[in-house]
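Asks: Build me a model:
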Amino acid sequence: MDGTLVDTEPYWIATEFELAERYGGTWSEAHALELVGNDLLVSGRYIKEHMGIDLEPAEIVEQLLDGVVTKVEKSVPWRPGALELLTDLRAAEVPCALVTMSYRRFVDPVLARLPEGTFEVIVTGDAVTHGKPHPEPYLEAAALLEVDPAACLAIEDSNTGVRSAEAAGCTVLVVPNHVPVLPGERRVFADTLAGLDAAGLADIAASRTQRTEG
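Replies: Below you'll find the predicted structure:
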């Protein structure tokens, strides 16, 4: 979700700097970008170490969520083409899962702006034992959709997310946003979601399968 459907990374980064100021820590843009796509508790541990504040990782996560939820309730910054693609997938009756390391209380304000049934399955960071880059989130989503992960096309914007989807066996459409993503065997790249529809995603999945089989 973050960075792929909605460009909330600036919200997270701003909230991290607010946290550093509140507790007398130090932070940088470089540190912030290290957290893109991460499991939130992993990020909390990283912040505790590198920001130098006397809070436990779980408390850091909750304070970050407080700040980011407040921002997203005021405005949801959709990525170009995201709403149009979701609308077309729903019209084409393509089953979709949202796989995000954000917690459910942050996801809900975003889902509230979408038509009911946009996602059949929602897997959040507080619902899995192992977050991205572990394959568990995508394996769980595929299992709930009752499909083979190899038949799934994941859409990701970060190295952490791509590694998770790849490890689960998915083909990955990579739409980089705030961080660069390296090429890989299961990775197909696009500059934007704008102009993509259900048929276009099917073509991407099919072309990748043909290259692998060839």
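
Asks: Show me where the protein has its strands.
Replies: 97-99, 121-123, 153-156, 171-174, 187-189 (DSSP state E).

Asks: Would you tell me which of the ones you listed gets closest to residue 27?
Replies: With C-beta to C-beta as the measure, strand 153-156 is the member of the strands of the chain nearest residue 27 (25.3 Å). Where you see a C-beta, it was placed from the backbone N, CA and C, and this is true even at glycine.

Asks: sorry, back to before: quick one: closest of the strands of the chain to residue 26.
Replies: Nearest to residue 26, of all the strands of the chain, is strand 153-156, at 30.2 Å by C-beta to C-beta.

Asks: show me the contacts for residue 181.
Replies: By C-beta atoms under 8 Å, 6 or more residues apart in numbering, the residues touching residue 181 are 156-159, 162, 174, 187, 189.

Asks: picking that back up, let me have the strands of the chain in JSON lines, adding mean pLDDT as columns.
Replies: Output for those, formatted as JSON lines (pLDDT from 0 to 100):
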{"stretch": "strand 97-99", "mean pLDDT": "98"}
{"stretch": "strand 121-123", "mean pLDDT": "98"}
{"stretch": "strand 153-156", "mean pLDDT": "97"}
{"stretch": "strand 171-174", "mean pLDDT": "96"}
{"stretch": "strand 187-189", "mean pLDDT": "95"}
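
Asks: longest helix of this protein?
Replies: helix 57-74 (DSSP state H).

Asks: mean confidence score for that helix?
Replies: Averaging pLDDT along helix 57-74 yields 95.

Asks: Going by neighbour count, list what's buried in it.
Replies: Using 16 or more other C-beta atoms under 10 Å as the test for burial, helix 57-74 gives 57, 60-61, 63-65, 67-69, 71-72.
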